[in-house]
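K.L.:
Give me the fold of what follows.
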Amino acid sequence: MSQSRNLEFDLARVLLVDDDPTSRLTLKTVLEAGGYNVDSAASAAEAVGKLDAGEYELVLTDLNMESPDAGRKVIAHARIKDYKPATALITTYQNAKPVASRGSVLIKPEDVPGLLSKVADMISQRATRRLERELRLAGV
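P.N.:
The predicted structure is shown next:
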């Protein structure tokens, strides 16, 4: 196995869900350039299948895809997974307003450094929560 193939397994896995092909490709490219292993889905149904088939450290989803609440369905499904990925809503609309949803973070990707910083923070916070949970279960 090549060194680059081994490196792929060490990268944080991100599931990016957006029905707009241009936005999806742009965000995927930005996240991969930021050092993440990115899997993408074009619909909530495709995202649910990927969440069931693999594990992700972070799920980024557009809110309004095939239905006005498709993104919320993706977030809800991600949150019931045993591996507990971090979750966030993402929008490419310039004037999007924050969405009231428990624990959701609204990310606007036009600020690339800010996007990458928020992604890194969410993955780090997830890792910390996971470690704390494992230590509690081990009785440490």
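
K.L.:
show me where this structure has helices.
P.N.:
Along the chain, the stretches classed as helices by DSSP state H are 3-10, 21-33, 44-53, 70-79, 112-138.

K.L.:
Tell me what angle the second one forms with helix 112-138.
P.N.:
What it means is helix 21-33. Relative orientation of helix 21-33 and helix 112-138, computed by axes from the mean of the first three to the mean of the last three CA atoms, to 10 degrees: 70 degrees.

K.L.:
which residues does Val59 bridge with?
P.N.:
Counting by DSSP bridges, Val59 forms beta bridges with Leu15, Thr87.

K.L.:
I'd like the distance from Pro68 to Val74, if you could.
P.N.:
In this structure, Pro68 lies at 13 Å from Val74, with CB to CB, to the nearest Å as the measure. For the C-beta atoms, the positions are set from N, CA and C on the backbone; glycine is no exception.

K.L.:
Looking at those two now, which is surrounded by more residues?
P.N.:
Using other CB atoms under 10 Å, the more surrounded residue of Pro68 and Val74 is Val74, with 29 against 9.

K.L.:
for the protein, what are the low-confidence residue spans?
P.N.:
Counting by pLDDT under 70, the chain contains low-confidence ranges at 1-9, 92-110.

K.L.:
Got the phi and psi for Ala42?
P.N.:
Comment: the main-chain dihedrals of Ala42 come out as phi -100, psi 0, following degrees, to the nearest 10.

K.L.:
so it touches Arg24, yeah?
P.N.:
Yes: using CB atoms under 8 Å, Ala42 is in contact with Arg24, at 6.8 Å.

K.L.:
of those two, who's got more company?
P.N.:
Looking at Ala42 and Arg24 with other CB under 10 Å, you find the greater number of neighbours at Arg24, namely 19 against 16.
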